[in-house]
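Visitor: 3D model of this:
(one chain, ligands or ions: 2)
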Amino acid sequence: MNEMIEQLKEALQISPNNLPLRLHLADVLLKENELSEASEQFSEILRRQNGNIKALTGLSEVYFRQQKYSAAIILFEQLQHDGALTFDAKIKFIRCLLKEHSVGQAKELYMQVLREQPNFRDTDIDAVLRATGNEAGADPDMLLEELSQPGNKYFMEKPSMKFADVGGMKQLKNEISLKIIQPLKNPAMYKAFGKKIGGGILMYGPPGCGKTFIAKATAGEIDAKFISLGLHDILDMWVGSSEKNLHEVFQAARKNTPCVLFIDEVDALGASRSDMRQSAMRQIINQFLAELDGVKDTNEGVLILAATNAPWSVDSAFRRPGRFDRVIFVAPPDEEGRKDILLSVLKDKPAENIDAGQIAKLTQGYSGADLKAIIDIATEFKLEESLNKGVLQPITQKDITKAIKEHRATTGEWFATARNYALYANETGLYNEILQYLNIKK
Ligand SMILES: Nc1ncnc2c1ncn2[C@@H]1O[C@H](COP(=O)(O)OP(=O)(O)OP(=O)(O)O)[C@@H](O)[C@H]1O
Ligand SMILES: [Mg+2]
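Guide: Residues are numbered from 1 along each chain as shown. Ligands and ions are numbered 1, 2, ... in the order given. Here you go, the predicted model:
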């Protein structure tokens, strides 16, 4: 085999422009698992012929095997765009997306795969995207059916990410641990101190600052399942039968303990909403409260976290003791948090001499999602350069500072609104944390 590789290389020296020959060499190298050499050859082909499908496919396979998932994703996306994803590449694409926690995109693609080949099974992917949640009784056809429902009402997964993957947020991690993780782990201890178990945490704040992210990590942290429920979706779909379906989602969580039930957009259940009759909305709210209180069925083992961007629209009944009795402001990350986030986002990427502290200084007001966007932009610069040069170019400090200029912080708009509520509608002191954050003394 080695001999064959040598011969191919010799032949290439004589006719370096022979792309099919180079492609053949690259394929042989890949087959022999000579990843870095294969990478060089595929990149060289791309340098000579931008967008060569076979080379893109080969290079994506190399990156996949080298566990460079985010780089592989960029190539898969290009192939997808060109309509050139093979079945095998789709499966690998899904795996990369799951590694990078892009569950929504992974789910969409998996549904496409299952439509193409209804009998296809991948236990690893099923384990993460499984909709029934019940390992022994998981019915693969259920999975397809469940996932394919237009805007399916809830989505269950088993996240692998942990608190350590979440940058910063020390205080919030602490609160979640004390309020909902420890009671689950040490119920006797809490009972001994006469502390009632139950209730949830309501997180609020500007978009992209990690509310959903930390909810998912909470599930990963305790090896629990994770159900995410966007209330807006429910209301759009379920007018008339919302109560019944709300009950179903809570039952799904109760049947799959331990389970983190993440309720997003709780502001959707606002009695003042005009797009639904008041009395109908009141009934849904009452049903929701009954589920939260565990009136008919116990919520033991169900950890409830909720989030909103508009806490001022959340029904005040939700905040009574035993319900969302902890309301926490999830601020944009501070300098130390930003540094942590950067380090965690850069963890699996080729990067060189990055001074994360310096970048953190330059990104006041940036959300976690903004920081991730910056690194994505820098990655794109680098990938393009790598493909052109034929060798992997690590991300440098300069790329990131350049990327910062291309992506501005997105949290300002939210604060413009929040500030007014904090100044003029803060009777209960609910928004003191916002005032504190904005450095406003009242
Ligand atoms: N603390 C963090 N550590 C690492 N990454 C983070 C952190 N915060 C946010 N991110 C990144 O930003 C993305 C967006 O965060 P997330 O979806 O949790 O925000 P959110 O607060 O739920 O926003 P929204 O209000 O729009 O729902 C995450 O998927 C993650 O990639
Ligand atoms: Mg969110």
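Visitor: name the SS class of the closest residue to N309 other than its chain neighbours, please.
Guide: Nearest residue to N309, sequence neighbours excluded (Cβ to Cβ, 6 or more residues apart in numbering): P207, at 5.9 Å. Using the backbone N, CA and C atoms, a C-beta is placed for each residue, glycine as well. Counting by DSSP: H, G, I helix; E, B strand; the rest coil, the backbone at P207 sits in coil.
Visitor: ok, now which ones touch P207?
Guide: 309, 367, 369, 410-411, 414 (Cβ atoms under 8 Å, 6 or more residues apart in numbering).
Visitor: closest one to ligand 2 out of those residues, please.
Guide: N309 (8.4 Å; Cβ to the ion).
Visitor: in this structure the closest one contacts W414, no?
Guide: Yes - between N309 and W414 a contact is recorded at 6.7 Å, counting by Cβ atoms under 8 Å.
Visitor: quickly list what's touching both of these two.
Guide: Shared contacts of N309 and W414, defined by Cβ under 8 Å, 6+ apart, are found at 205-207.
Visitor: closest one of those to ligand 2?
Guide: Ligand 2 has its nearest neighbour among the shared contacts of N309 and W414 in P207, at 7.2 Å by Cβ to the ion.
Visitor: need phi/psi at that closest one.
Guide: phi -60, psi 150 (degrees, to the nearest 10).
Visitor: how much space between it and ligand 1?
Guide: According to Cβ to the nearest ligand atom, to the nearest Å, P207 stands 3 Å off from ligand 1.
Visitor: which element is F262 on?
Guide: In this assignment (DSSP states H and E), F262 forms part of strand 259-264.
Visitor: hang on, the earlier thing: in strands, which of the contacts of P207 fall?
Guide: When those are checked against strands (DSSP state E), there are no matches.
Visitor: give me the domain ranges for this protein.
Guide: 2-132, 163-329, 335-406 (automatic domain parsing).
Visitor: any idea of the angle the helix or strand following the strand holding F262 forms with strand 259-264?
Guide: With elements assigned by DSSP H and E, the helix or strand that comes after strand 259-264 is helix 278-293. Comparing the axes of helix 278-293 and strand 259-264 via axes from the mean of the first three to the mean of the last three Cα atoms, to 10 degrees yields an angle of 150 degrees.
Visitor: pull the CA atoms of helix 278-293 into CSV?
Guide: Taking C-alpha atoms only, helix 278-293 is exported to CSV below (Å, rounded to 0.1, in the frame of the first residue of the first chain):
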residue,chain,number,x,y,z
GLN,A,278,-59.6,36.5,28.6
SER,A,279,-61.5,33.6,30.1
ALA,A,280,-59.9,31.1,27.8
MET,A,281,-56.5,32.3,28.8
ARG,A,282,-57.4,32.3,32.5
GLN,A,283,-58.3,28.6,32.2
ILE,A,284,-55.0,27.8,30.6
ILE,A,285,-53.2,29.7,33.3
ASN,A,286,-55.1,27.8,36.0
GLN,A,287,-54.3,24.5,34.4
PHE,A,288,-50.6,25.5,34.2
LEU,A,289,-50.6,26.5,37.9
ALA,A,290,-52.2,23.2,38.9
GLU,A,291,-49.6,21.3,37.0
LEU,A,292,-46.8,23.4,38.6
ASP,A,293,-48.3,22.8,42.0
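Visitor: thinking again about what came up before, and the domains of the chain as CSV, adding mean pLDDT?
Guide: Formatted as CSV, those follow (pLDDT from 0 to 100):
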stretch, mean pLDDT
domain 2-132, 89
domain 163-329, 83
domain 335-406, 92
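Visitor: quick one, which of those is nearest to L423?
Guide: domain 163-329 (12.1 Å; Cβ to Cβ).
Visitor: now do the same end-to-end measure for the closest one.
Guide: Domain 163-329 has its terminal residues 18 Å apart, counting by Cα to Cα, to the nearest Å.
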